[in-house]
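Asker: Sequence first, predicted coordinates after that:
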Amino acid sequence: MRSIAAAALLGLVALGATTGQGQARGCLSGAAVGGVAGHVAGHHGVLGAAAGCAIGHHQASKHDQQAARRATPDNNSGDRGNSESAR
């Protein structure tokens, strides 16, 4: 129980330290989920948190790239042969 409280405190401190940084987007939520999963899977909370951070950051980056693609106007809107409009 102490490790969960310590992880929560560490997460809150990290959240306060990274509020202005866009680089940590997705890392905190991924680290929280990964830390809990790692702890449950065999007391590997730190390893799970590190992996969760990496995965969460990757997912947030993918989401940002997709949002940027949707925000840019498509110059080939009348062309039905391109791969984006075929999906």
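Answerer: Nice, I can see it.

Asker: And the helices in this structure, which stretches?
Answerer: Using DSSP state H, the helices of the chain run over 2-17, 27-40, 45-71, 83-86.

Asker: Packed most tightly, which of these would that be?
Answerer: helix 27-40 (a mean of 20; mean count of other CB atoms under 10 Å). For every residue, glycine as well, the C-beta is placed using N, CA and C.

Asker: Please name every helix or strand in contact with that helix.
Answerer: helix 2-17, helix 45-71 (3 or more CB pairs under 8 Å, 6 or more residues apart in numbering; DSSP states H and E).

Asker: and these, which one is worst for confidence?
Answerer: Lowest mean pLDDT of the helices and strands packed on helix 27-40: helix 2-17, a mean of 64.

Asker: for Gly42, phi and psi?
Answerer: phi 140, psi 40 (degrees, to the nearest 10).

Asker: For it, give its distance to Asp64.
Answerer: 33 Å (CB to CB, to the nearest Å).

Asker: mind checking the backbone torsions on Arg25?
Answerer: The phi/psi pair for Arg25 (degrees, to the nearest 10) is phi -60, psi 130.

Asker: ok, the residue lying closest to it once chain neighbours are set aside - contacts?
Answerer: With CB to CB, 6 or more residues apart in numbering as the criterion, Arg25 has its nearest non-adjacent residue at 4.4 Å, and that residue is Ala60. For Ala60, the contacting residues are Arg25, Gly26, Cys27, by CB atoms under 8 Å, 6 or more residues apart in numbering.

Asker: What of Gly52?
Answerer: Taking CB under 8 Å, 6+ apart as the test, what Gly52 contacts is Gly30, Ala31, Ala32, Val33, Gly34, Gly35, Ala37, Gly38.
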